[in-house]
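Asks: Following is a predicted model, sequence given first.
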Amino acid sequence: MPEPKSRRIALETGLSYHYLEWDSAASDHTLVLVHGFLDFCSGWRGTVSPELQKRFHIIAPDMRGHGDSDHVGAGGYYHFLDYVADLRSFAGKLGRGTLSMVGHSMGGSIVGYYAGAFPETLHKVVLMEGMGPPETTTPAPDRVQHWVRGWNRARARKPHLYADIEAAAEKLRHRDPKLNPQLARDLAKWGTREIEGGRVFKHDPLHLSQGPTPYSVEVALEFWRRISCPVLLVDGADSNMRLGPEEHNRRVAGLTNTREHVIEGAGHMIQRHQPDALAELLLGFLG
């Protein structure tokens, strides 16, 4: 398959985003692929099959503080809705006549908020285990205290060094036993950079601190109720991050036009474990 083009774009939010583009000049249907927490745009490479390339204009950004996109400056933080503002600018600049989005995990939450805030802009939406994390019961003052302390620690902490790409790949496989060795090596190559003494992952270490605002299903439901386009919900059969039936039904009740599909042989990282099955599913739904 042709390699995607690696590009950069300046957003109205003040940051510069890196993204990959598979450009089918014949298509005016843009498909935006939004990765999850501590992931990056190259994680979608296996999903973008030749048939998807023929049918769609595909763009996959590195979200702020991930991959090769800008980190926030001194004094800044990664408040969740900042990603939505970035995505609005990104899609507005690069989208063509028809716009659809796929979001995985954290990226699914971002896409869900976007779809509720700007429902008139979207044709179809796919949320891959993207209906949000479990809610927490930590009191707000305690959470803010943890946030400030975590912020300080993240800025003072030296990044973890890996001797080489193989060592970084081994770390990825340790976190995700379903990840095959060659893909782990590719992801380690794309997702790390070389510094003196070894390699470090590209994401901003500040992401490893807990934010001050807890996830709220009630707030998310306000967005989901405004989504007007068809939504496909995708889960991995072997995922340890699937919501329980009661909580799943509570959240899905906020959507009015949904289909659901479970991909066998996939854990939470569906696009890594079963990219071919995911590509076929996307073709059938988006087409």
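Replies: Arrived safely. Numbering: from 1, shown residues only.

Asks: And the closest residue to residue 216 other than its chain neighbours, how far from residue 82?
Replies: Nearest non-adjacent residue to residue 216, counting by Cβ to Cβ, 6 or more residues apart in numbering: residue 135, 6.9 Å away. Bear in mind the C-beta positions are built from the backbone N, C-alpha and C, glycine included. Distance of residue 135 to residue 82, given as Cβ to Cβ, to the nearest Å: 21 Å.

Asks: so what pLDDT did the closest residue to residue 58 other than its chain neighbours get?
Replies: The shortest distance from residue 58 to any non-neighbouring residue, by Cβ to Cβ, 6+ apart, is to residue 22 (4.2 Å). The confidence metric pLDDT takes the value 96 at residue 22.

Asks: mind listing the helices for the chain?
Replies: 50-55, 80-94, 106-117, 140-156, 165-175, 181-191, 217-224, 245-252, 270-273, 275-286 (DSSP state H).

Asks: coming back round to it: which one's more surrounded, residue 135 and residue 82?
Replies: residue 82 (18 against 12; other Cβ atoms under 10 Å).

Asks: Do I have it right that the more buried one meets residue 64?
Replies: Yes. Counting by Cβ atoms under 8 Å, residue 82 sits close enough to residue 64 to count as a contact (6.6 Å).

Asks: mind listing what's buried in the helix or strand bottoming out on mean pLDDT in the chain?
Replies: Scoring the helices and strands of the chain by mean pLDDT, DSSP states H and E places helix 140-156 at the bottom, with a mean of 90. Across helix 140-156, burial judged by 16 or more other Cβ atoms under 10 Å covers 143, 147, 150-151.

Asks: do the same with stretch 180-194
Replies: 183-188, 190-192.

Asks: and what of stretch 162-179?
Replies: Buried, per 16+ other Cβ under 10 Å, within stretch 162-179: 162, 165, 168-170, 172-173, 176, 179.

Asks: what mean pLDDT would you report for it?
Replies: Mean predicted confidence for stretch 162-179 is 97.

Asks: quick one: contacts of that stretch?
Replies: Identification of contacts with stretch 162-179 by Cβ atoms under 8 Å, 6 or more residues apart in numbering yields 181, 184-185, 187-189, 191-192, 198-201, 238, 266-267, 269, 272-273.

Asks: Output that stretch as CSV - backbone C-alpha positions only.
Replies: The C-alpha atoms that make up stretch 162-179 are tabulated as CSV, following Å, rounded to 0.1, in the frame of the first residue of the first chain:
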residue,chain,number,x,y,z
TYR,A,162,15.0,2.8,26.8
ALA,A,163,18.3,1.6,25.5
ASP,A,164,17.0,1.1,21.9
ILE,A,165,13.9,0.4,19.9
GLU,A,166,13.8,-3.2,20.9
ALA,A,167,13.7,-2.3,24.6
ALA,A,168,10.8,0.2,23.9
ALA,A,169,9.0,-2.5,21.9
GLU,A,170,9.4,-4.9,24.8
LYS,A,171,7.7,-2.4,27.1
LEU,A,172,4.8,-2.1,24.7
ARG,A,173,4.4,-5.9,24.6
HIS,A,174,4.5,-6.1,28.4
ARG,A,175,1.6,-3.7,28.5
ASP,A,176,-0.2,-5.4,25.7
PRO,A,177,0.5,-9.2,25.4
LYS,A,178,-1.7,-9.5,22.3
LEU,A,179,0.6,-7.1,20.4
